[in-house]
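Asker: quick check, what structure comes out for this input:
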Amino acid sequence: RRLADVYLDRPENRAWHLSKAGEVEASAVAWLEAGRLADRAFSNADAERLFSEAIEMAGTAETVSVEASALIGRGTVREELGRYAEASQDHVAAERLGLSIGHSQLQAQAVERQGWTAYYERDVAVAIARAEQATSMSGVHPSAWVLLGRIRHWDGDFESASEAYKRALSELDDGDAEIR
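Answerer: Numbers count the residues shown, from 1 in each chain. Predicted coordinates for the structure are as follows:
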């Protein structure tokens, strides 16, 4: 446990030591953080492995929100790797977990990611269905409106695309200031 405290700025090392100390919930959170850092660094293979560790540890700790977040993270990495079927499986599993605990934001994020996966896979019908579903859910992030805008633009409906982009901009909060 003391070594875990030494590695506050190194979540992968922290997660390993927390796991060995039997602190599975804290370990799951640290694995999730490590996966996010690897994803931001475009280290997809490492990110996939780290998110998988988070999923396993969160399952052991029965920390459903961490497990769902890690599934979304791993699914996003798998999208980036072009492994769309696996990405979809992760996002669907995350949606179910979000629903099981009544976490509308996680559920909306998982549905949105299913839309992005379908978009990258060039499956217009599924992408539209998921984007429309995500934008109608509570807890939706403005990026769901961006997805809907891209799909509408792709489909040639420029007016609806413009409306979706405007809606995305109007729903940004202070934490999204750099996007504006």
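Asker: where does this structure have low pLDDT?
Answerer: Applying pLDDT under 70 to the predicted model, the residue ranges of the chain that meet it are 1-9, 174-180.
Asker: closest to the centroid, which residue in it?
Answerer: A centroid search over the chain (CA atoms, centre = their mean) returns residue 72, at 3.4 Å, as the residue closest to the centre.
Asker: touching, that one and residue 112? I think so.
Answerer: No. Taking contacts as CB atoms under 8 Å, residue 72 lies outside contact range of residue 112: 9.3 Å. Where you see a C-beta, it was placed from the backbone N, CA and C, and this is true even at glycine.
Asker: sorry, back to before: any idea how far residue 125 is from the residue nearest to the centre of the chain?
Answerer: When distances are taken as CB to CB, to the nearest Å, residue 72 and residue 125 turn out to be 22 Å apart.
Asker: residue 138: what secondary structure?
Answerer: The three-state assignment at residue 138 reads coil, by DSSP: H, G, I helix; E, B strand; the rest coil.
Asker: next up, the contacts around the spatially closest residue to it that is not a sequence neighbour.
Answerer: Once its chain neighbours are removed from consideration, residue 138 has its nearest residue in residue 104; the separation is 4.6 Å (CB to CB, 6 or more residues apart in numbering). Applying CB atoms under 8 Å, 6 or more residues apart in numbering, one finds that residue 104 lies in contact with 98, 137, 138, 139.
Asker: which two of the residues you listed have the greatest separation?
Answerer: 98 and 138 (11.7 Å; CB to CB).
Asker: between those two, what contacts are shared?
Answerer: 104, 108.
Asker: more crowded one of the two?
Answerer: Counted by other CB atoms under 10 Å, residue 98 and residue 138 do not tie: residue 98 has more neighbours, with 25 against 8.
Asker: name the helices or strands packed onto the host helix or strand of residue 148?
Answerer: For residue 148, the enclosing helix or strand under DSSP states H and E is helix 142-154. Counting contacts by 3 or more CB pairs under 8 Å, 6 or more residues apart in numbering; DSSP states H and E, the secondary-structure elements packed against helix 142-154 are helix 104-120, helix 124-135, helix 158-170.
Asker: deepest in the core, which of the ones you listed is it.
Answerer: helix 104-120 (a mean of 23; mean count of other CB atoms under 10 Å).
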